[in-house]
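Q: fold the following, please.
(2 chains)
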Amino acid sequence: MRLFGSLALAASLALAGAPARAQDAHGAAPAAPTAQPSAVDTSSAATVGGTSAAVGTAEQHGAAPTTVADVAAQGHAASPAQAVDIITPHITDAHAIEYPCISGDYAMLTCEAHLPTGWIVPIGSYQLDLSPTKHVVMMLLASLIACVVLIGAARAHKRHSHAAGHPKGFAAGIEAMVLYIRDEVALKNLGHHGEKYVPFILTLFFFILFANLLGLIPYGSTATGNISVTAMLAIITFLVVEFAGMRAQGIGYLNTIFYWNKDLPIYMRIPMFLIMSPIELVGKIAKPFALAIRLFANMTAGHIVVLALIGLIFLFRSAASGAPFLAASAIMVLELFVAFLQAFIFALLSSVFIGQIREAHH
Amino acid sequence: MRTPLRSLSRPLALAALSAVAARPALAQEAEHGAAGAAAGGGLLDPHAGLMVWTLLIFAVLLFILTKFAFKPLTAAVEAREKALEDAIAGAKRDREEAQRLLAEQRAQLEGSRGEAQKLIADARAAGEKMRADLLEQTRQQQAELLDRARRDIDAERERAIADLRREAVDLALAGASKVIERNLDDASNRQLVEQFLSTIPTNGARR
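A: Below is the predicted model:
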């Protein structure tokens, strides 16, 4: 956890070249959380509130609704030398969601709505905590948006299918995306009779896309920046891949695990079997592992960069803040691209894996 | 500068450690940051409840989207594609038909033009022939008429000459009888005149 805050601080220092000031800005808070208003400047309450709000506006906001000092008091009061970590709470999951609200001094702040906790399902001796979290809400929101957008597009097409012509604008754009994923990504890679996996690929793409994009709006949070979510998506993909292999190859599916090459002489087959089978197995597991880590790391890294740059704006507190502002804006545009790219890559690789196992020969 | 650097190196080591042997480090991290991030714990901490939620949401979304979005959308697009293909095929067919008709028309036009030309040529030839015939006929008639006129004239002249000769004979006889009445007998005088007359050529050599 401290890693990212420290990284942000280090980045600040490297870019700003004003270590003393940075020290002052970050170091003072944990040392004297209650005395912080006097430690910064005259309008410190508004500034700190503004910090929190602006961070929340540009990105998702973490646990603490009010001030940086609160976070510090909660998380790091015990180690005053440590930097305040305001980035990690923005990225990690929480049992609360933020929403915009206006406080007395008209500064825009984030308020928290606490989600229910304690939905614990005991499975044997294991306590499965099914309490909905911020990322669950964001996933539901992404699913809702996906449903609205895609079903809306489908309905628009149905309306137009009788009349000559086709829908224009947004529905046509969604259609272009769906058709592109279907024709260029899924059907090209899935192999013969791969049509029944197309909805899976399309759902993957749009779910990940909307989950990614939700992280780019104020008060939003990227569910796909959570390793649990990406891991589950990767596991689902893994299961679909293996299922596809079993469906397509029948008993020959075993060849994708147990290497038994009939082209080799028997005295070579046995050692090759012993060497290759673990490798095949590792290869099977490496694929979803790579899928999960890639998506998680890309979404998380982009947000950390954006948050670090936004942090620099408040660190500079001068006209020089324009530079990190521009940089953060540029990175946000890049993130927009990455949101599409990662969804596309996840869908593409899933279809490639399905296609590979369906046509694997040994 | 020292403090941030040290604060950086520790978590870095921690991260490396957690990458290698995830659990203990992560547990420590989660414990440490429990207040900051209430639910998730560390960034790399898997959370079973969230995974179940993900599975649930994804499964429901897959079902709903497949049933209500992708199938109708694909069907609509395919219907449109089919309609377009039909329209294109129809247009192609129509164009081929039109081209065929055009060729037919053109051939017909060509044929009728040739026919008309032939008719004109025939008519011209017939007219020409008729004119020639008529001309020839006229010329013949003319020649015939001329011939007849000439024959008539000849006949008239012959008759006139004969008449004249008889008249001349009669006159001569009358004259001679007047003379002979006085001199000779009728017979010898007549012989004399006849002799004389026989020396005169009968036809138009002296004309």
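
Q: how about the strands in the stretch 251-362 of chain A?
A: Listed in chain order, the stretch 251-362 of chain A contains no strands at all (DSSP state E, counting those that start in this stretch).

Q: once you drop chain neighbours, what's closest to the residue of it found nearest chain B?
A: Minimum separation of the stretch 251-362 of chain A from chain B (C-beta to the nearest C-beta) falls at A:Thr300, amounting to 6.9 Å. Yep, even glycine has a C-beta here, placed from its N, CA and C like the rest. Of all residues not flanking A:Thr300 in the chain, A:Gly225 sits nearest, at 4.5 Å (C-beta to C-beta, 6 or more residues apart in numbering or on different chains).

Q: for the closest residue to A:Leu336 other than its chain neighbours, helix, strand, or coil?
A: Spatial nearest neighbour of A:Leu336, excluding adjacent residues (C-beta to C-beta, 6+ apart): A:Leu216 at 6.3 Å. Three-state call for A:Leu216 (DSSP: H, G, I helix; E, B strand; the rest coil): coil.

Q: same check on A:Gly118?
A: A:Gly118 is classified as coil under three-state DSSP.

Q: max-length helix in the chain?
A: Chain wasn't specified; assuming chain A. helix A:266-316 (DSSP state H).

Q: to clarify, I was referring to chain B.
A: helix B:71-180.

Q: now do that one: distance to the chain's middle.
A: 28 Å (C-alpha atoms, centre = their mean, to the nearest Å).

Q: next helix or strand past it?
A: As assigned by DSSP states H and E, the chain's next helix or strand after helix B:71-180 is helix B:186-199.

Q: in that next one, what counts as buried?
A: Neighbour counts over helix B:186-199 (16 or more other C-beta atoms under 10 Å in any protein chain shown) mark B:189-190, B:193 as buried.

Q: over to stretch A:131-144?
A: For stretch A:131-144, a neighbour-count test (16+ other C-beta under 10 Å) marks A:131-143 as buried.

Q: output it as CSV, nothing but the C-alphas.
A: Extracted C-alpha coordinates of stretch A:131-144, given in CSV (Å, rounded to 0.1, in the frame of the first residue of the first chain):
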residue,chain,number,x,y,z
SER,A,131,-21.0,-7.8,1.3
PRO,A,132,-21.3,-5.6,-1.8
THR,A,133,-18.4,-3.3,-2.2
LYS,A,134,-17.6,-0.2,-4.3
HIS,A,135,-16.4,-2.4,-7.1
VAL,A,136,-19.5,-4.6,-7.0
VAL,A,137,-21.5,-1.4,-7.4
MET,A,138,-19.3,-0.3,-10.2
MET,A,139,-19.6,-3.7,-11.9
LEU,A,140,-23.4,-3.5,-11.6
LEU,A,141,-23.3,0.0,-13.0
ALA,A,142,-21.1,-1.2,-15.9
SER,A,143,-23.5,-4.1,-16.6
LEU,A,144,-26.4,-1.7,-16.4
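
Q: quick one: mean pLDDT for that stretch?
A: Taken as a whole, stretch A:131-144 carries a mean pLDDT of 91.

Q: chain center to that stretch: distance?
A: On C-alpha atoms, centre = their mean, the centre of stretch A:131-144 falls 12 Å from the chain's centre.

Q: got a list of contacts for it?
A: Here stretch A:131-144 makes contact (C-beta atoms under 8 Å, 6 or more residues apart in numbering or on different chains) with A:60, A:93-97, A:115-120, A:207, A:210-211, A:213-215, A:220-223, A:226, A:228-229, B:39-40, B:47, B:49-50, B:53-54, B:57, B:60-61.

Q: buried ones among those residues?
A: Here, 16+ other C-beta under 10 Å leaves A:60, A:93-97, A:115, A:207, A:210-211, A:213-215, A:220-223, A:226, A:228-229, B:39-40, B:47, B:49-50, B:53-54, B:57, B:61 buried among these.

Q: what is the neighbour count of A:Ile201?
A: Per other C-beta atoms under 10 Å in any protein chain shown, the neighbour tally for A:Ile201 reads 25.

Q: check which element follows the worst-scoring helix or strand of chain B on mean pLDDT along the chain.
A: Least confident element among the helices and strands of chain B, by mean pLDDT, DSSP states H and E: helix B:22-32 (a mean of 40). Moving toward the C-terminus from helix B:22-32, the next helix or strand (DSSP H and E) is helix B:48-65.

Q: lovely, talk soon.
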